[in-house]
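Undergrad: A predicted structure for the sequence below; I have some questions about it.
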Amino acid sequence: MGRKKALRGSTALITGGARRLGRELALALAAEGVNIALHYLTSREEAENTCAAIIKSGVKAKTFGADLTDERQYGQLVRRVESAFSARPDILINNASIFLADTLKTVGFESLREHMLVNAWVPFVLTREFSRGAEHGKIINILDSKISGFDWHHVGYILSKHVLHVLTEMTALALAPRITVNAIAPGLVLAPAGRDEQYLEKLAAKVPLGRHGDAQDVVDAALYLLKSDFLTGQVIYVDGGRHLTRA
């Protein structure tokens, strides 16, 4: 059986860590004794508030603003974290993504390019920088349970998540045994921006387990992956079994 690794004293870089799922992951890791490097784009105030809450738990936390469409900024992110903490990060969680509506009829190259850049290429670049010269480490990519099929209303987005899924498997092989690379594919756990709990309740009937989840379900999966030393190249679907209905 794989050994359960103590996370205390390690450092995690979380992209898109100021709000929503990224924030919950940051707070949960801080509770495990992990120092947090919190990336954000425009949510500076929320990032600072999250860091303040993290510091109260007794670990270090710093914010790192970076535009993930600007190569000069995302290309230096890992090195900035290393400089600020005087050590390489031990954990990388590629959580940041964009989610723009388009269909097969309306999707254009620019929309596809932007989704691929932020949702697939940047996580790959960060993975490459994170692994450069590292003796060990753990990476988690945040996917989407819809990679089991398609999302006809968000074509650029779902194509980029399919690419990130493939990259998860490729980098898991390429970086073994030094670094593990796994992924989490959340389903109905958080309502989209501008929606409320009723949105989740309406869709819950389509979930085999008959209910929606929440951010804690994703956090639990992340902690499981980070504490295991014998898992790599895996995708955990945190969706109540909904991905099975797409077979």
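TA: Happy to help now that I have it. All of these numbers come straight from a predicted model, not from anything done at the bench.
Undergrad: for stretch 228-240, what does the pLDDT average out to?
TA: Stretch 228-240 carries an average pLDDT of 97.
Undergrad: tell me the strands beside the longest strand seen in the chain, with direction?
TA: Ranked by residue count under DSSP state E, the longest strand found in the chain is strand 179-186. In the sheet, strand 179-186 lines up against strand 137-142 (parallel), strand 235-238 (parallel) (DSSP bridges).
Undergrad: which regions of the chain sit below the pLDDT cut-off?
TA: 1-5, 247 (pLDDT under 70).
Undergrad: residues contacting the residue nearest to the spatial centre of the chain?
TA: The residue lying closest to the centre of the chain (C-alpha atoms, centre = their mean) is Asn95, at 2.5 Å. The contact partners of Asn95, by C-beta atoms under 8 Å, 6 or more residues apart in numbering, come to Ile14, Thr15, Gly16, Gly17, Leu21, Gly22, Leu25, Ile142. For the C-beta atoms, the positions are set from N, CA and C on the backbone; glycine is no exception.
Undergrad: same check on Glu82?
TA: By C-beta under 8 Å, 6+ apart, the contact list for Glu82 reads Arg88, Pro89.
Undergrad: ok, the residue of the chain positioned farthest from its centre to Gly156 distance?
TA: In the chain, Lys105 marks the outermost C-alpha relative to the chain mean, sitting 29.0 Å out by C-alpha atoms, centre = their mean. Between Lys105 and Gly156 the computed distance is 13 Å (C-beta to C-beta, to the nearest Å).
Undergrad: what does Arg20 give?
TA: 20 Å.
Undergrad: more neighbours, these two?
TA: Gly156 (26 against 16; other C-beta atoms under 10 Å).
Undergrad: nice, that's everything, thank you.
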